[in-house]
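Enquirer: need a structure here:
(2 chains)
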Amino acid sequence: AQTVTQSQPEMSVQEAETVTLSCTYDTSESDYYLFWYKQPPSRQMILVIRQEAYKQQNATENRFSVNFQKAAKSFSLKISDSQLGDAAMYFCAYRSAGAGSYQLTFGKGTKLSVIP
Amino acid sequence: GAGVSQSPSNKVTEKGKDVELRCDPISGHTALYWYRQSLGQGLEFLIYFQGNSAPDKSGLPSDRFSAERTGGSVSTLTIQRTQQEDSAVYLCASSPGLATDTQYFGPGTRLTVL
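Expert: This next block holds a predicted model:
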């Protein structure tokens, strides 16, 4: 079974600074998807960014980018120019690309605080 | 368009009672998922539905948990004889289909069992 590990239960960053959230995963599969979701106090999980394992290029979405290291099974999220609205729980998630395995496997999450 | 909606937003019940949680997926989405988020266990997969296929129930923690999806749209998660350890946030997600990997989540139902 796949596992996802987020080793930083809490992180903080100064407004306008850059922060990196760590995620590692364990899998024997070669094809899969990786995601970062944001969960603000409203509870709704919001997709931040996704990465297809077969793509070597790191995904980017505006101020959010990932550092995907397939061999190391590492998938970190970098948030640039942090804003107060970025404060939330961040979850790293894994999904197999194989048939019959469509559920997401989540890490325990990292609580990000943004200091004004 | 409208996102995934869930009701009720919060539910408080007494131990031993049955509860029903509802999920309305995004219109046109054929895949629907239920997850549970608790302090001790994090986010866990419970069950998913795809069209008219038999659901994947592999994540349901006990036979007190069941779910159905009527008409390929609305889904209801039922917990019978609730226990205190069932207290959690129950999240529903939908996606356009199996070939599309992004799941869109609803706001969840917070269940408290006294």
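Enquirer: what are the C-alpha coordinates of the helix or strand of chain B with the lowest mean pLDDT, in CSV please?
Expert: The element with the least model confidence among the helices and strands of chain B, by mean pLDDT, DSSP states H and E, is strand B:42-50, at a mean of 92. Only the C-alpha atoms of strand B:42-50 are listed here, as CSV (Å, rounded to 0.1, in the frame of the first residue of the first chain):
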residue,chain,number,x,y,z
GLY,B,42,-6.2,11.9,9.4
LEU,B,43,-8.0,11.6,6.0
GLU,B,44,-9.2,8.2,5.2
PHE,B,45,-10.9,6.9,2.1
LEU,B,46,-14.3,5.3,2.7
ILE,B,47,-16.1,4.5,-0.5
TYR,B,48,-16.4,5.5,-4.1
PHE,B,49,-19.0,5.2,-6.9
GLN,B,50,-18.6,5.4,-10.6
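Enquirer: Up against chain A, what does chain B have?
Expert: When proximity is defined as Cβ under 8 Å from any Cβ of the partner chain, chain B approaches chain A at B:31, B:33, B:35, B:42-43, B:45, B:48, B:50, B:56, B:59, B:89, B:91, B:93, B:98, B:101-108, B:110. C-beta: built from backbone N, CA, C; applies to glycine.
Enquirer: residue closest to the middle of chain A?
Expert: With distances taken as Cα atoms, centre = their mean, chain A has residue A:36 as the residue nearest its mean C-alpha position (3.1 Å).
Enquirer: What residues are recorded as beta-bridge partners of it?
Expert: Note on residue A:36: beta-bridge partners by DSSP bridges are residue A:49, residue A:92.
Enquirer: Now do the contacts for it.
Expert: A:21, A:23, A:47-50, A:64, A:66, A:75, A:77, A:90-93 (Cβ atoms under 8 Å, 6 or more residues apart in numbering or on different chains).
Enquirer: ok, now with 10 Å
Expert: For residue A:36, the contact set (Cβ atoms under 10 Å, 6 or more residues apart in numbering or on different chains) comprises A:21, A:23, A:46-51, A:59, A:61, A:64, A:66, A:75-77, A:79, A:90-93, A:107, A:110.
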